[in-house]
Structures are given as structure tokens and as C-alpha cells.
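S.K.: pasting the sequence and the predicted model now:
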Amino acid sequence: MTITVTPEPSFEPPRMRIDLAVPAGTMQSLSLYRTVGGRRELVQPQPLAGLDGRTVYDYIVPYETDAVYSWETLYTDPTLATTVNAEDWSST
């Protein structure tokens, strides 16, 4: 899982671009957090799950203050899936 945060100060209003990605599969749930001054809060609006990556923009980050972004996700990795009841029905 990767998170990349890029400030975009020339945009009006200034914003942070946050790119989220999982190595394989699709995200089933997703929560993005911003921690400023020891206070952790959800970034608004929350990104939608359903893909292997998302780009989110945070317009509410305080000026002249350090912010730390983190995220939690539940995703399905298709490379770890196992096949159950794999019978050959072609002979019936």
C-alpha cells in the first residue's frame, strides 16, 4: 500500500494532492486521516473505495502547520485467492 502527498500551492485555494494505491486487487473500504498538532481527524470528503487507486484533494489543511496523512483500507488481493471445488464438469 502506498500513499503519496504532494502540495499544490499554486492552485486556488491551495490544496494537498493525496494519491492512494494498493499493490493488487480492489479496495473494499477506505478511510483517510490527517493528523495536525496530535489531533487525528478524517479528511473530508472521504474517498470512495472500489478501485486499486484513488486521488483525493485536501483543501482544509491548516496553513503553516505540519500535517501527517495516514490511511486504512481493506482490499482483496486476487493473487492470494484460492479456488474451491474446482471439479471438471465437462464429462457430464
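M.R.: Good, I have the coordinates. Note that the structure is a prediction, hence the values are computed from the model and not measured.
S.K.: switch to C-alpha atoms for all contacts and neighbour counts from now on
M.R.: OK.
S.K.: now stretch 5-18: average pLDDT?
M.R.: For stretch 5-18, mean pLDDT rounds to 91.
S.K.: name the residues that touch that stretch?
M.R.: Here stretch 5-18 makes contact (Cα atoms under 8 Å, 6 or more residues apart in numbering) with 3-4, 19, 55-61, 69.
S.K.: buried residues in it?
M.R.: The neighbour-count criterion (16 or more other Cα atoms under 10 Å) identifies 5, 14-18 as the buried residues of stretch 5-18.
S.K.: could you export those as a markdown table, including distance to residue 73?
M.R.: Below are these laid out as a markdown table (distance: Cα to Cα, whole Å):
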| residue | distance to residue 73 |
| --- | --- |
| 5 | 17 |
| 14 | 27 |
| 15 | 23 |
| 16 | 20 |
| 17 | 18 |
| 18 | 15 |
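S.K.: redo those as JSON lines? Include secondary structure and distance to residue 35.
M.R.: As requested, the buried residues of stretch 5-18 are exported to JSON lines (DSSP: H, G, I helix; E, B strand; the rest coil; distance: Cα to Cα, whole Å):
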{"residue": "5", "secondary structure": "strand", "distance to residue 35": "13"}
{"residue": "14", "secondary structure": "coil", "distance to residue 35": "18"}
{"residue": "15", "secondary structure": "strand", "distance to residue 35": "16"}
{"residue": "16", "secondary structure": "strand", "distance to residue 35": "14"}
{"residue": "17", "secondary structure": "strand", "distance to residue 35": "16"}
{"residue": "18", "secondary structure": "strand", "distance to residue 35": "14"}
